[in-house]
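Peer 1: Here is my input, please return the structure:
(2 chains)
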Amino acid sequence: MTEKEGGLPLPLENTVVLDLSEHVAGPYCTKVLANYGAEVIKVEPPGSGDVSRRLGPFPGDEPHLEKSGLFLYLNTNKQSVTLNLDSSTGKQILQNLIERADIVVESLGPAALSRLGLDFPTLEGSRPGIVVVSISDFGQFGPYKDFKASHLVHCALGGWQYTGGDPDREPLQAGGLLVYYVTGLYGAIAALSAHYCARLTGIGRHIDLSTQEAMHIVMGYPTVRYWIDGQTRRRTGTHFPWAIFECRDGLVGCSVLGDDQWVQLCRFVEREDWLQDPRFATGPGRSARAQEIEAYLSSWFADKSKEELFHEGQAWRISFSLVPTVAELLELEQHRVREYFATANHPAAGTLTYPGPPFRLSETGWHLEPAPLLGQHNSEVYCDRLGYSMDDLARLRAQGVI
Amino acid sequence: MASDKTESPNRPLPLAGIRVVDLTMVMAGPLATELLAQLGAEVIKIEAVQRLDMWRGAYSQPGTDSAWEKSPGFTGLNRDKYGITLNLQDKRGVEIVKRLARIADIVAENYTPRVMKNFGLDYESLKQTNPSIIMISMPGYGMTGPWRDYVSFAYPTEMMSGIAQLTGYADGPPMLMGNTGGDPLAGLNGAVALLIALEYRRKTGKGQHIDLSQMEACTGLIGEAIMEYVMNQRLPQRYGNRHPWMAPHGTYRCQGEDAWVSLSVATDAEWESLCKVIGRPDLVVDSRFITSTARWQHQDELDRIIEQWTSQHEPYEAMHRLQDAGIAAGAVLNAAQLATDPHLVARGFYEDVERAFVGKQPYPRLPMILGDTQAGTRMPAPTLGQHNRDILIGLLGLSEEELQDLESDRVIGTRPLIG
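Peer 2: Below is the predicted model of the structure:
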């Protein structure tokens, strides 16, 4: 195995992933695999590339196919080839690429692979043991399979939105692009587990991963609760026992789970009298008096600093937290000591700071190479791996295939 | 998958033959092991009668008889796991964990670093009994650094990772998402980490220790917000239900109590369709809404016009009329609606599972259909100590006498010791 930074081998070395996905979910799935050493070949449409290349953020807000922050983050450690899947030559090349892959991740839409003549039985016939992960908004079949979606629409149909936000206002979606990242993590679980089995048994499989379904478990089984006791939880806003407070110099978070935490909190904020008060004795009792508790905590926190509250609260074993902005996140002491953030130098976008590995393994490493330029690895992949000549490449380029 | 009829049937579950010793509690750790369990691994969950998994209280009605066996959260999250009890304050309990670790592939825990060390069950100790063991530790802030011993119960991770700063109404403060916070996000990452370590062990025979900081794992899920700041030194905004450039993009009141539909318009063609659906073709040529930039600038007016239409329709009806016209739209589903949503039901997302104390209920399967594998729940969530005998005698070969001693000394048991 190749030695990488820190002298550790990469755990997924020699796993070849063909990435036919775009936007966020599929690319985050393959980014995680690439982080840990998988060879990920990203297939993009000639000219325009992955849609995320056209979505920002861009430096100085100037759109540029090679400078999208979203694309740069999601596609580190990957190779890019361009390929027009509408052309028959393109389809042939795609088949060649698939034949040397262990895992295919695609988000082309329901039945798209079949339309390309690459349905799973065909692929399995030419590449036994192959794992295909199809990631889509609503799955490969079912009444909503051709529905259009957005992050907001997913939050609505996935069940997150109804419980998000204040009770007297409209339901609120989750921030950022979280829905798609969650789906991407499921994609990685699907790909890795099926690949592990394929390497042991020679048996591959095709996995149908639905974004709507992927959102479900993040809610803690609300439908099971509904069936067991008929409860349909409504939105409650961000309130005690899990709340965010303003203090002297910013925000502090407080999460009081269970009686032990409540006892510690009462002592910490000098309200031992609450411990004698039967109205505060149970979780539901405290939730019913959330307003009173929050009012007191707000005034008690008001003249203290967030760092002071966080660290002193933790000294009392209370689950206090900061609520950092991105600027503050980059400076957190814990991140600095653990060297979480890392930098990479991209030929068009320059040297930038990136979030580091989501987890660390003691005997194996991770790496960080910048995202590829559009079609950067055409000659490397098509000539060196598939055996096309430079003349072939020029011809394919002229035909608009690559 | 239903359409792939020519596949050969009955592929094995992908993780059949993998054994996991699961010391985790609440949600992050148990989700990581639940995913492995549903993918075929044999998971042995360890609780103690002195200290139940706190998630046994998740959403259960307090004060009811045997409430710890009736938690919807627990029964959902612990399917396909064996359940045993072991008091780790007793050295016999610790010894049994070590014996299980000797014949396991994975040990999972989600405490601050000192907890396993105090029991003598940290990675360095377990490696002595099983050199190829894979162990995952998933504390809130990681196994190293100045915050390594800091506690983090549920929502701190959502705040600490930066996610909370992105969630909220455009005119309001940061908020929590309103579901189970950073725990499941960390749990998903935990499963990925374990699968990566399994693949490395398959190739090399080597185990290892995974250090998963829940804060770090969750910060990886807001990459574009971090890039925005890194590139432009500008803090990402909270948009509420709006969008940086799409308009209209929002959540609108419908007919019915607390009934809503969300929609997003990305292109001029979708905008024209929307105008027709809401019976306002005149708006297509209205200068206030003629381009996406103009629509974005006049969102407040636009939202009022759209709500005039949505308020005359129920959420599902509005969704279908909009989707039929090619517009991204979704009814804002509550738990009752999710449980009966025609699409989820048509995809076989819910499967009936019979479980002691709560009866037969529909539970969601994994959000992925594994080709023609006969997936699905093999076993309901364990009742407290349900498999003590199966595991301790059947798997480890303890004698009846030893089992009885453990029981009378309350090292094992099937009823919680209160107080």
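Peer 1: ok, longest helix in the chain?
Peer 2: As the question left the chain open, I've gone with chain A. Scanning chain A for the helix with the most residues, using DSSP state H, yields helix A:178-201.
Peer 1: meant chain B, my bad for not saying
Peer 2: When chain B is parsed with DSSP H, its longest helix is helix B:182-204.
Peer 1: quick check: angle from that one to helix A:178-201?
Peer 2: Orientation check (axes from the mean of the first three to the mean of the last three C-alpha atoms, to 10 degrees): helix B:182-204 against helix A:178-201 gives 20 degrees.
Peer 1: quick one: is helix B:182-204 near chain A?
Peer 2: Yes: using C-beta under 8 Å from any C-beta of the partner chain, we find that helix B:182-204 touches chain A at B:184-185, B:188-193, B:195-200, B:202-203. Yep, even glycine has a C-beta here, placed from its N, CA and C like the rest.
Peer 1: Now do that helix, average pLDDT.
Peer 2: Mean pLDDT, helix B:182-204: 97.
Peer 1: ok, then the element right after that helix?
Peer 2: For helix B:182-204, the following helix or strand on the C-terminal side (DSSP states H and E) is strand B:209-211.
Peer 1: That following strand - contacts with which helices or strands?
Peer 2: Judged by 3 or more C-beta pairs under 8 Å, 6 or more residues apart in numbering or on different chains; DSSP states H and E, strand B:209-211 is in contact with strand A:360-361, strand B:134-137, helix B:182-204.
Peer 1: which intervals of chain B have sub-threshold pLDDT?
Peer 2: Scanning chain B for pLDDT under 70 picks out the ranges B:1-9, B:62, B:418-419.
Peer 1: Skip the chain neighbours and tell me the closest residue to the spatially most central residue of it.
Peer 2: The structure's chain B has its C-alpha centroid closest to residue B:184; by C-alpha atoms, centre = their mean the separation is 3.6 Å. Among residues not flanking residue B:184 along the chain, residue A:218 sits closest, at 4.5 Å (C-beta to C-beta, 6 or more residues apart in numbering or on different chains).
Peer 1: quick one, what contacts the one you found?
Peer 2: If you count contacts by C-beta atoms under 8 Å, 6 or more residues apart in numbering or on different chains, residue A:218 has them with A:160, A:182, B:179, B:180, B:184, B:185.
Peer 1: cool, residue B:278 as well?
Peer 2: B:305, B:306, B:308, B:309.
Peer 1: And it, how close does it get to residue B:308?
Peer 2: To residue B:308, residue B:278 is 8 Å away according to C-beta to C-beta, to the nearest Å.
Peer 1: near chain B at all, stretch A:68-81?
Peer 2: Yes: residues of stretch A:68-81 contacting chain B under C-beta under 8 Å from any C-beta: A:69, A:70, A:72, A:73, A:74.
Peer 1: shouldn't the last one be in contact with residue A:25?
Peer 2: In other words, residue A:74. No: using C-beta atoms under 8 Å, residue A:74 is not in contact with residue A:25; the gap is 9.6 Å.
Peer 1: And those two? Which one has more around it.
Peer 2: residue A:74 (30 against 27; other C-beta atoms under 10 Å in any protein chain shown).
Peer 1: Show the backbone phi and psi for that one.
Peer 2: Main-chain dihedrals, residue A:74, degrees, to the nearest 10: phi -80, psi -10.
Peer 1: Identify the residue spatially nearest to it, adjacent ones excluded.
Peer 2: Residue nearest to residue A:74 in three dimensions, not counting chain neighbours: residue A:27, with 4.1 Å by C-beta to C-beta, 6+ apart.
Peer 1: and that neighbour, what does it touch?
Peer 2: Residue A:27 neighbours (C-beta under 8 Å, 6+ apart): A:19, A:21, A:42, A:50, A:52, A:74, A:75, A:184.
Peer 1: Number of residues surrounding residue A:257?
Peer 2: A total of 19 residues lie near residue A:257 under the criterion other C-beta under 10 Å.
Peer 1: In terms of helix, strand or coil, where does residue A:352 fall?
Peer 2: At residue A:352 the chain is in strand, as set by DSSP: H, G, I helix; E, B strand; the rest coil.
Peer 1: Helices along the stretch 201-350 of chain A, start to end?
Peer 2: In the stretch 201-350 of chain A, the helices defined using DSSP state H, counting those that start in this stretch lie at A:211-214, A:222-229, A:259-268, A:273-276, A:283-288, A:290-301, A:306-315, A:326-329, A:333-338.
Peer 1: The longest one: how far from the chain's middle?
Peer 2: The chain centre lies 35 Å from the centre of helix A:290-301; the measure is C-alpha atoms, centre = their mean, to the nearest Å.
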